[in-house]
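Participant: Coordinates for the following, if possible.
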Amino acid sequence: MRIQNVSGLVVSASILLTAPTAIAAEVKPAHALARVSDNAIMSAEHNLTGVWERDPSPFEEGGAGAAEDMPPPRPGPNLKEPFAAEWKALRAKRQAALDAGKPLADSSTLCLPEGTPTIMQAIYPIQILQTPGQVTVLAELYMQTRRIYMNAPFPKRGDLEPTFYGFSSARWENKTLVVTTRGLQESMQFFEIPHSDQMVVTERYQITGPDKMRIDFSIEDPAYLKSPYRWTWRYKRNHKYRIPEYVCDHSLEKINPDGTVSFEPK
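Facilitator: Numbering: from 1, shown residues only. Got it, this is the predicted structure:
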């Protein structure tokens, strides 16, 4: 059975089979002018609203096959020791289990949220909605919701409860939406990269052409990283795709006592 492991998330044939078929109904393109606040109308360069998919597809970009783990964005994290060695050993262990046809359980097979920034990987399409004071990201995978607040002050450190998506505050710098996220819980890991409560994720959203977008990412964490981890993902807007319901209900996978995953009807 074909199995794909994505960012430490096992995406199996069962997921690909159970994901609902896209409703190919025509959806009118977002207007060139989008109202995003009570006092401002933004131009096409500021209009992020729409359904977006990775360009190229993350599977094509990573070249993941039946028993090949999709790598983290190049060049990979510049971790301090002993974290670098531990992370490489963990990745090797997961790949060995995948090669043996006995993938290890992870947050995906446990139906847990992907968190920030993994949700932006867009294994299945994501939808961005701009409303007054907020940008909302809706993911097809497990129907996740991420809220980004415009020009919002961060809560005090002691008041910032760690969550999967963290607290995201955004501001416009000319034609770039800069989003800063803090307060990410340590159990939520991007490609299983360890981090501390000091981690800060910065995203820079830019419309680069008709229905084209890029996001430049940066992860900073002085406790674990020698230097910021930076990469770029590109997207294309799909006007014809309507995101369907996609509930994680373990209909075809089984978590075994030894921590491996089997794919079988229940």
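
Participant: Residue 175 is in contact with residue 208, isn't it?
Facilitator: No. Using Cβ atoms under 8 Å, residue 175 is not in contact with residue 208, being 9.8 Å away. Just so you know, the C-beta spots here come from the backbone N, C-alpha and C atoms, and that holds for glycine as well.

Participant: For the stretch 151-266 of the chain, which segments count as strands?
Facilitator: Using DSSP state E, counting those that start in this stretch, the strands of the stretch 151-266 of the chain run over residues 167-173, 176-182, 200-209, 212-220, 229-237, 253-255, 261-263.

Participant: Now do the second one, average pLDDT.
Facilitator: The average pLDDT within strand 176-182 is 98.

Participant: Name the surrounding residues that touch it.
Facilitator: Surrounding strand 176-182, the residues in contact under the criterion Cβ atoms under 8 Å, 6 or more residues apart in numbering are 46, 48, 116-117, 135, 148, 154, 160, 165-172, 199-206.

Participant: in stretch 168-182, what counts as buried?
Facilitator: Judged by neighbour count (16 or more other Cβ atoms under 10 Å), stretch 168-182 contains these buried residues: 168, 169, 170, 177, 179, 180, 181, 182.

Participant: If you could redo that for stretch 239-246, that was the one I meant.
Facilitator: Of the residues in stretch 239-246, those with enough neighbours to count as buried (16+ other Cβ under 10 Å) are 241, 243, 246.

Participant: Please determine how far the first one is located from residue 140.
Facilitator: Separation of residue 241 from residue 140 (Cβ to Cβ, to the nearest Å): 9 Å.

Participant: same question, the last one
Facilitator: According to Cβ to Cβ, residue 246 stands 5 Å off from residue 140.

Participant: Counting neighbours, what do you get for residue 105?
Facilitator: The burial metric for residue 105, expressed as a neighbour count using other Cβ atoms under 10 Å, is 17.

Participant: Now do the phi/psi pair for it.
Facilitator: Note on residue 105: its backbone torsions stand at phi -70, psi 150 [degrees, to the nearest 10].

Participant: Could you measure from it over to residue 121?
Facilitator: With distances defined as Cβ to Cβ, the gap from residue 105 to residue 121 amounts to 19 Å.

Participant: what's the answer for residue 233, then?
Facilitator: With distances defined as Cβ to Cβ, the gap from residue 233 to residue 121 amounts to 7 Å.

Participant: Are there residues contacting both of these two? Which ones?
Facilitator: With Cβ under 8 Å, 6+ apart as the test, residue 233 and residue 121 both reach residue 54.

Participant: In terms of secondary structure, what does the lengthiest helix in the chain contact?
Facilitator: When the chain is scanned for its longest helix (criterion: DSSP state H), the result is helix 83-99. Here helix 83-99 is seen to pack against strand 3-6 when contacts are counted using 3 or more Cβ pairs under 8 Å, 6 or more residues apart in numbering; DSSP states H and E.

Participant: Report the rounded mean pLDDT for the strand it packs on.
Facilitator: Strand 3-6 shows a mean pLDDT of 42 in the predicted model.
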